[in-house]
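Trainee: Can you look at this prediction? I've put the sequence above it.
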Amino acid sequence: MFACEKHSDQRRKDPEQTPYINHPIGVASFLVEAGVTDLVTLQAALLHDTIEDTDTTPQEITALFGEAVCRVVLECTDDMALPPSERKRIQVRKAASASYDAKLVKLADKLYNLLDLCRAVPVGWTPRRVQAYFAWSKQVIDCCAGTSPILEARLNYLFEHGTFTFNGMSIG
Ligand SMILES: Nc1nc2c(ncn2[C@@H]2O[C@H](COP(=O)(O)OP(=O)(O)O)[C@@H](OP(=O)(O)OP(=O)(O)O)[C@H]2O)c(=O)[nH]1
Ligand SMILES: [Mn+2]
(Lines give C-alpha, C1' and ligand atoms only; values in the text may rest on other atoms or scores of the structure.)
(Ligands and ions follow the chains in the order given, each with its own letter.)
Protein backbone atom coordinates (compact mmCIF):
# COMPACT_ATOMS: atom_id res chain seq x y z
CA MET A 1 0.00 0.00 0.00
CA PHE A 2 2.91 2.33 0.81
CA ALA A 3 4.41 1.87 -2.69
CA CYS A 4 0.93 2.18 -4.30
CA GLU A 5 0.36 5.52 -2.59
CA LYS A 6 3.85 6.85 -3.35
CA HIS A 7 3.65 5.92 -7.05
CA SER A 8 -0.08 6.74 -7.40
CA ASP A 9 0.36 9.77 -9.69
CA GLN A 10 3.07 8.10 -11.84
CA ARG A 11 2.66 6.28 -15.12
CA ARG A 12 5.03 4.13 -17.17
CA LYS A 13 6.49 5.62 -20.35
CA ASP A 14 4.54 3.30 -22.70
CA PRO A 15 1.88 4.77 -25.03
CA GLU A 16 -0.87 3.32 -22.80
CA GLN A 17 0.59 5.10 -19.74
CA THR A 18 0.33 1.98 -17.62
CA PRO A 19 0.22 2.67 -13.83
CA TYR A 20 3.81 2.80 -12.50
CA ILE A 21 2.99 0.44 -9.61
CA ASN A 22 2.66 -2.45 -12.11
CA HIS A 23 6.47 -2.35 -12.34
CA PRO A 24 7.42 -2.87 -8.65
CA ILE A 25 4.63 -5.48 -8.30
CA GLY A 26 5.98 -7.25 -11.40
CA VAL A 27 9.54 -7.18 -10.04
CA ALA A 28 8.38 -8.77 -6.77
CA SER A 29 6.36 -11.38 -8.74
CA PHE A 30 9.40 -12.38 -10.80
CA LEU A 31 11.32 -12.93 -7.56
CA VAL A 32 8.51 -15.13 -6.20
CA GLU A 33 8.47 -17.09 -9.49
CA ALA A 34 12.23 -17.56 -9.08
CA GLY A 35 11.66 -19.13 -5.65
CA VAL A 36 12.56 -16.14 -3.49
CA THR A 37 10.66 -16.18 -0.17
CA ASP A 38 12.83 -13.78 1.87
CA LEU A 39 10.56 -11.02 3.18
CA VAL A 40 13.27 -8.34 3.20
CA THR A 41 14.01 -8.96 -0.48
CA LEU A 42 10.34 -8.99 -1.50
CA GLN A 43 9.56 -5.83 0.46
CA ALA A 44 12.62 -4.13 -1.05
CA ALA A 45 11.42 -5.17 -4.53
CA LEU A 46 8.03 -3.52 -3.97
CA LEU A 47 9.74 -0.39 -2.63
CA HIS A 48 12.81 -0.32 -4.92
CA ASP A 49 11.87 2.81 -6.92
CA THR A 50 10.22 4.82 -4.10
CA ILE A 51 13.31 6.77 -2.99
CA GLU A 52 14.59 7.22 -6.56
CA ASP A 53 11.31 8.33 -8.13
CA THR A 54 9.08 9.78 -5.36
CA ASP A 55 9.44 12.03 -2.29
CA THR A 56 10.08 8.97 -0.07
CA THR A 57 13.01 9.30 2.34
CA PRO A 58 15.26 6.53 3.71
CA GLN A 59 14.00 7.52 7.17
CA GLU A 60 10.41 6.68 6.17
CA ILE A 61 11.42 3.29 4.80
CA THR A 62 13.48 2.49 7.89
CA ALA A 63 10.69 3.52 10.27
CA LEU A 64 8.04 1.45 8.48
CA PHE A 65 9.98 -1.56 7.13
CA GLY A 66 13.28 -1.63 9.04
CA GLU A 67 16.93 -0.99 8.33
CA ALA A 68 17.56 -4.15 6.30
CA VAL A 69 14.84 -3.26 3.76
CA CYS A 70 16.06 0.34 3.58
CA ARG A 71 19.62 -0.84 2.91
CA VAL A 72 18.51 -2.93 -0.10
CA VAL A 73 16.29 -0.13 -1.46
CA LEU A 74 19.22 2.31 -1.23
CA GLU A 75 21.44 -0.15 -3.09
CA CYS A 76 18.85 -0.07 -5.91
CA THR A 77 18.54 3.74 -5.87
CA ASP A 78 20.29 5.90 -8.49
CA ASP A 79 21.22 9.50 -7.68
CA MET A 80 18.82 11.37 -9.97
CA ALA A 81 20.82 14.59 -9.49
CA LEU A 82 23.57 13.09 -11.68
CA PRO A 83 23.48 13.23 -15.49
CA PRO A 84 22.01 10.03 -17.05
CA SER A 85 25.31 8.75 -18.51
CA GLU A 86 27.08 9.12 -15.17
CA ARG A 87 24.14 7.43 -13.40
CA LYS A 88 24.33 4.46 -15.76
CA ARG A 89 28.11 4.14 -15.33
CA ILE A 90 27.83 4.21 -11.54
CA GLN A 91 25.00 1.64 -11.56
CA VAL A 92 27.23 -0.88 -13.36
CA ARG A 93 30.09 -0.25 -10.95
CA LYS A 94 27.88 -0.54 -7.85
CA ALA A 95 26.15 -3.73 -9.06
CA ALA A 96 29.32 -5.81 -8.76
CA SER A 97 29.69 -5.14 -5.04
CA ALA A 98 25.97 -5.11 -4.22
CA SER A 99 24.55 -7.46 -1.57
CA TYR A 100 22.92 -10.76 -2.57
CA ASP A 101 19.45 -9.33 -1.86
CA ALA A 102 20.11 -6.19 -3.95
CA LYS A 103 21.49 -8.27 -6.84
CA LEU A 104 18.24 -10.30 -6.84
CA VAL A 105 16.16 -7.11 -7.05
CA LYS A 106 18.42 -5.66 -9.76
CA LEU A 107 18.09 -8.82 -11.89
CA ALA A 108 14.28 -8.85 -11.55
CA ASP A 109 14.16 -5.08 -12.26
CA LYS A 110 16.10 -5.55 -15.49
CA LEU A 111 14.03 -8.60 -16.47
CA TYR A 112 10.82 -6.58 -16.05
CA ASN A 113 12.10 -3.55 -17.97
CA LEU A 114 13.52 -5.61 -20.83
CA LEU A 115 10.32 -7.67 -21.18
CA ASP A 116 8.39 -4.41 -21.02
CA LEU A 117 10.50 -3.03 -23.90
CA CYS A 118 9.55 -6.10 -25.95
CA ARG A 119 5.87 -5.41 -25.15
CA ALA A 120 5.85 -1.68 -25.91
CA VAL A 121 8.54 0.88 -26.71
CA PRO A 122 8.38 3.99 -24.44
CA VAL A 123 7.12 7.16 -26.12
CA GLY A 124 9.96 8.98 -27.90
CA TRP A 125 12.49 6.12 -27.71
CA THR A 126 14.33 5.27 -30.93
CA PRO A 127 15.37 1.69 -31.82
CA ARG A 128 18.94 2.79 -31.00
CA ARG A 129 17.88 3.82 -27.48
CA VAL A 130 16.12 0.49 -26.91
CA GLN A 131 19.25 -1.34 -28.09
CA ALA A 132 21.44 0.84 -25.82
CA TYR A 133 19.20 -0.06 -22.86
CA PHE A 134 19.61 -3.78 -23.68
CA ALA A 135 23.41 -3.40 -23.97
CA TRP A 136 23.76 -1.42 -20.74
CA SER A 137 21.40 -3.79 -18.88
CA LYS A 138 23.63 -6.69 -19.95
CA GLN A 139 26.56 -5.04 -18.17
CA VAL A 140 24.54 -4.68 -14.94
CA ILE A 141 23.23 -8.27 -15.25
CA ASP A 142 26.75 -9.64 -15.78
CA CYS A 143 27.82 -7.91 -12.55
CA CYS A 144 25.01 -9.80 -10.77
CA ALA A 145 25.91 -13.22 -12.24
CA GLY A 146 25.71 -16.26 -9.95
CA THR A 147 22.79 -14.93 -7.91
CA SER A 148 19.64 -16.61 -9.29
CA PRO A 149 19.80 -19.40 -11.90
CA ILE A 150 16.12 -18.95 -12.75
CA LEU A 151 16.25 -15.17 -13.28
CA GLU A 152 19.54 -15.44 -15.16
CA ALA A 153 18.12 -18.17 -17.43
CA ARG A 154 15.08 -15.99 -18.18
CA LEU A 155 17.37 -13.05 -18.97
CA ASN A 156 19.64 -15.17 -21.19
CA TYR A 157 16.60 -16.42 -23.09
CA LEU A 158 15.47 -12.83 -23.59
CA PHE A 159 18.87 -11.78 -24.93
CA GLU A 160 18.83 -14.71 -27.37
CA HIS A 161 15.21 -14.53 -28.50
CA GLY A 162 13.86 -11.10 -27.49
CA THR A 163 12.56 -8.73 -30.15
CA PHE A 164 10.83 -5.40 -30.04
CA THR A 165 8.53 -3.84 -32.57
CA PHE A 166 9.16 -0.41 -33.96
CA ASN A 167 6.80 1.23 -36.47
CA GLY A 168 5.45 -2.23 -37.23
CA MET A 169 8.96 -3.62 -37.83
CA SER A 170 10.27 -6.41 -35.62
CA ILE A 171 13.82 -5.72 -34.44
CA GLY A 172 16.00 -8.37 -32.81
N1 LIG B 1 11.09 -0.46 -20.36
C2 LIG B 1 10.36 0.51 -19.81
N3 LIG B 1 10.88 1.23 -18.78
C4 LIG B 1 10.12 2.21 -18.24
C5 LIG B 1 8.83 2.48 -18.72
N6 LIG B 1 8.30 3.48 -17.98
C7 LIG B 1 9.22 3.81 -17.07
N8 LIG B 1 10.33 3.06 -17.21
C9 LIG B 1 11.52 3.18 -16.37
O10 LIG B 1 12.51 3.86 -17.14
C11 LIG B 1 13.80 3.45 -16.68
C12 LIG B 1 14.63 3.12 -17.90
O13 LIG B 1 14.73 4.26 -18.69
P14 LIG B 1 16.07 5.10 -18.75
O15 LIG B 1 15.80 6.31 -19.59
O16 LIG B 1 17.19 4.20 -19.13
O17 LIG B 1 16.30 5.49 -17.23
P18 LIG B 1 16.23 6.87 -16.48
O19 LIG B 1 14.79 7.27 -16.46
O20 LIG B 1 16.79 6.49 -15.14
O21 LIG B 1 17.13 7.82 -17.25
C22 LIG B 1 13.63 2.27 -15.75
O23 LIG B 1 13.85 2.76 -14.45
P24 LIG B 1 14.38 1.84 -13.26
O25 LIG B 1 13.33 0.84 -12.94
O26 LIG B 1 14.83 2.76 -12.20
O27 LIG B 1 15.56 0.99 -13.83
P28 LIG B 1 16.97 1.36 -14.46
O29 LIG B 1 16.91 2.80 -14.90
O30 LIG B 1 17.89 1.14 -13.34
O31 LIG B 1 17.07 0.40 -15.56
C32 LIG B 1 12.17 1.86 -15.99
O33 LIG B 1 11.55 1.29 -14.86
C34 LIG B 1 8.30 1.70 -19.81
O35 LIG B 1 7.19 1.88 -20.28
N36 LIG B 1 9.11 0.74 -20.30
MN1 LIG C 1 12.76 -0.31 -11.33
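Mentor: Yep, it's here. Residues are numbered from 1 along each chain as shown. Ligands and ions are numbered 1, 2, ... in the order given.
Trainee: Can you show me the helices along this structure?
Mentor: 2-6, 22-33, 39-47, 50-53, 58-65, 67-75, 84-96, 100-119, 127-143, 149-161 (DSSP state H).
Trainee: right, and these - which one's nearest Gly168?
Mentor: Closest to Gly168 of the helices of the chain is helix 127-143 (C-beta to C-beta; 12.3 Å). Every C-beta, even on glycine, is put in place using the N, C-alpha and C of the backbone.
Trainee: just how off-centre is the closest one within its chain?
Mentor: 12 Å (C-alpha atoms, centre = their mean, to the nearest Å).
Trainee: just use 193 as the starting number from now, easier for me
Mentor: Will do, 193 is the new start, and the previous item becomes helix 319-335.
Trainee: Just want the angle from that helix to helix 276-288.
Mentor: Going by axes from the mean of the first three to the mean of the last three C-alpha atoms, to 10 degrees, helix 319-335 is angled at 20 degrees with respect to helix 276-288.
Trainee: For the helices of the chain, could you give me a markdown table that also reports mean pLDDT and distance to Glu208?
Mentor: Listed next are those as a markdown table, based on pLDDT from 0 to 100; distance: least, C-beta to C-beta, whole Å:
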| stretch | mean pLDDT | distance to Glu208 |
| --- | --- | --- |
| helix 194-198 | 98 | 19 |
| helix 214-225 | 98 | 10 |
| helix 231-239 | 99 | 22 |
| helix 242-245 | 98 | 19 |
| helix 250-257 | 98 | 29 |
| helix 259-267 | 98 | 27 |
| helix 276-288 | 97 | 24 |
| helix 292-311 | 98 | 10 |
| helix 319-335 | 97 | 17 |
| helix 341-353 | 97 | 21 |
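Trainee: Make JSON lines from the ones you listed and add distance to ligand 2 to it.
Mentor: Below are these laid out as JSON lines (distance: least, C-beta to the ion, whole Å):
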{"stretch": "helix 194-198", "distance to ligand 2": "11"}
{"stretch": "helix 214-225", "distance to ligand 2": "6"}
{"stretch": "helix 231-239", "distance to ligand 2": "9"}
{"stretch": "helix 242-245", "distance to ligand 2": "8"}
{"stretch": "helix 250-257", "distance to ligand 2": "15"}
{"stretch": "helix 259-267", "distance to ligand 2": "11"}
{"stretch": "helix 276-288", "distance to ligand 2": "11"}
{"stretch": "helix 292-311", "distance to ligand 2": "4"}
{"stretch": "helix 319-335", "distance to ligand 2": "11"}
{"stretch": "helix 341-353", "distance to ligand 2": "14"}
